[in-house]
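Asks: need coordinates for the following:
(chains A and B)
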Amino acid sequence: MGWIGETVDSIKSIKIRQLLTQAVTLGMIVTSALIIWKAMMCVTGTESPVVVVLSGSMEPGFQRGDILLLRMTKDPIRTGEIVVFKIDGRDIPIVHRVIEVHERKTTGKVDVLTKGDNNDVDDIDLYADGQMWLHRHHIMGRAVGFLPYVGWVTIIMTEKPIIKYLLIGAMGLLVITSKD
Amino acid sequence: MHSFGYRANALLTFSVTALAFICAIASFSDKFSNQNPSAEIQILNINRLKKQSYGNDEVSLTLDISADLQSLFTWNTKQVFAFVAAEYETSKNSLNQVSLWDVIIPDKEHAKFRIQTSNKYRFIDQGHNLRGREFNLTLHWHVMPKTGKMLADKIVMPGYSLPDAYK
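Replies: Below is the predicted model of the structure:
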């Protein structure tokens, strides 16, 4: 209970200049995080350099909650590559393996078919109505690296937003009441 | 400076940094493994080569696949995904790759195998280009680590061909 008294006291004793300094510091932290994120986007060539595995369709290799590191290069798409793609009109990226490639001689365009390792059938039913193949512009990146379990933080924060608000509230409180 | 909050924060930062470092080293250790996988594929039989009712050629075949992928397993390997693909060229497409069969190898003991099987996935062309077609069979493998960088490679076996007429 003394802790609450302490917190109230320290909020009362805030001076304007100190508050402004702390606001600027917070802003600097947020912007440097943004800079790092954008730099990663440049280096890896894809708009989402990191994705969290959301479904069990690539088990046992990738479990729900794992993190995949992505890269996108101009190299041609070949079978066996694990790609992340988005279907037109849908937001959620899907991580599956390429099982079929047909590349046109004249234009260099590719028709790609994918399938999750743990699924029995290929992804034809996942594509948009009437769509038989994926094309290069659907594909956001190739998976090149992998970190287990780290993605659970994101999944928990997405599925139980209350935890996200609690965390941000606690961090905000910490910043305001710190005496640095 | 010595409150519970600061200590918890310092502990958390340190443990995350240490874990990240350990993961990076584990992945780096994979560079030093000596890998020499081998494989051989024979086509036992071309069961059918037909034209589908709405257009494209389709092949059904039986393969005899033998491979030794044991040297791909390191202490940082979670599983190896291996698959056999047929690769060929047609007048319209500079490259066609069709996956015929795949397997998930969970550990070193299962990595040396011989299997006779018909193709798991349908071998369908974009068109009618399969009669008399020559193709390669490639065995690809994809090493999925416990943590870190994934590795993929393949063995190409050329010289297979399909019959000249539908059967």
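Asks: from here on, contacts and neighbour counts on C-alpha atoms
Replies: OK.
Asks: show me what the least confident helix or strand in chain B by mean pLDDT is packed up against.
Replies: Within chain B, no helix or strand scores below strand B:38-51, which has a mean of 81 by mean pLDDT, DSSP states H and E. Strand B:38-51 is packed against strand B:57-68, strand B:151-161, with contacts defined by 3 or more C-alpha pairs under 8 Å, 6 or more residues apart in numbering or on different chains; DSSP states H and E.
Asks: low-confidence ranges in chain A?
Replies: A:1, A:9-14, A:174-180 (pLDDT under 70).
Asks: so the most centrally placed residue in it, which state does it fall into?
Replies: The centre of chain A sits closest to A:Val51, judged by C-alpha atoms, centre = their mean, with a distance of 3.6 Å. Classification of A:Val51 by DSSP: H, G, I helix; E, B strand; the rest coil places it in strand.
Asks: need the contact list for it.
Replies: Neighbouring residues of A:Val51 by C-alpha atoms under 8 Å, 6 or more residues apart in numbering or on different chains: A:67-70.
Asks: hmm, try it at 7 Å
Replies: Listed by C-alpha atoms under 7 Å, 6 or more residues apart in numbering or on different chains, the contact set of A:Val51 reads A:67-69.
Asks: quick one, domains of chain A?
Replies: Structurally, chain A divides into domains by the TED database as follows: A:1-43, A:48-147, A:149-179.
Asks: and for chain B?
Replies: When chain B is parsed with the TED database, its domains come out as B:1-32, B:35-161.
Asks: determine which stretch of those is the most buried.
Replies: Across these, averaging neighbours per residue (mean count of other C-alpha atoms under 10 Å in any protein chain shown) puts domain B:35-161 on top, at a mean of 18.
Asks: helix or strand for residue 100, which one?
Replies: All of this refers to chain A. Taking DSSP states H and E as the criterion, A:Glu100 maps to strand A:94-104.
Asks: try chain B instead
Replies: Here B:Leu100 sits within strand B:93-105, counting by DSSP H and E.
Asks: quick one, the helix or strand following that strand and strand B:57-68 angle?
Replies: With elements assigned by DSSP H and E, the helix or strand that comes after strand B:93-105 is strand B:112-118. Here strand B:112-118 points in a direction 160 degrees away from that of strand B:57-68 (axes from the mean of the first three to the mean of the last three C-alpha atoms, to 10 degrees).
Asks: for the domains of chain A, which one sits closest to B:Asn93?
Replies: Proximity to B:Asn93 (C-alpha to C-alpha) singles out domain A:48-147 among the domains of chain A, at 4.3 Å.
Asks: and B:Leu151, what does it touch?
Replies: Contacts for B:Leu151 (C-alpha under 7 Å, 6+ apart) come out as B:142-143.
Asks: now do it against A:Phe146, distance only.
Replies: As defined by C-alpha to C-alpha, to the nearest Å, B:Leu151 lies at a distance of 11 Å from A:Phe146.
Asks: before we move on, what about A:Val83?
Replies: A:Val83 sits 13 Å away from A:Phe146, going by C-alpha to C-alpha.
Asks: and what of B:Asn36?
Replies: 24 Å.
Asks: weakest of the domains of chain B by average pLDDT?
Replies: With a mean of 84, domain B:1-32 has the lowest mean pLDDT of those.
Asks: and it with chain A, contact?
Replies: No: contact of domain B:1-32 with chain A is not found when judged by C-alpha under 7 Å from any C-alpha of the partner chain; the minimum separation is 8.0 Å.
Asks: tell me the secondary structure for B:Ala85?
Replies: strand.
Asks: that older thread, next one: the strand holding B:Leu100 to chain centre, how far?
Replies: In terms of C-alpha atoms, centre = their mean, to the nearest Å, the centre of strand B:93-105 is found 8 Å from the chain centre.
Asks: which strands and helices sit next to it?
Replies: With contacts defined as 3 or more C-alpha pairs under 7 Å, 6 or more residues apart in numbering or on different chains; DSSP states H and E, strand B:93-105 has these neighbours: strand A:94-104, strand B:77-88.
Asks: what angle separates that strand from strand B:57-68?
Replies: Using the same axes, to 10 degrees: strand B:93-105 against strand B:57-68 is 50 degrees.
Asks: got the contact list for strand B:93-105?
Replies: Contacts for strand B:93-105 (C-alpha under 7 Å, 6+ apart): A:79, A:99-105, B:79-89, B:111, B:119-123.
Asks: ok, 8 Å please
Replies: With contacts defined as C-alpha under 8 Å, 6+ apart, strand B:93-105 is touched by A:78-79, A:99-105, B:79-90, B:111, B:119-124.
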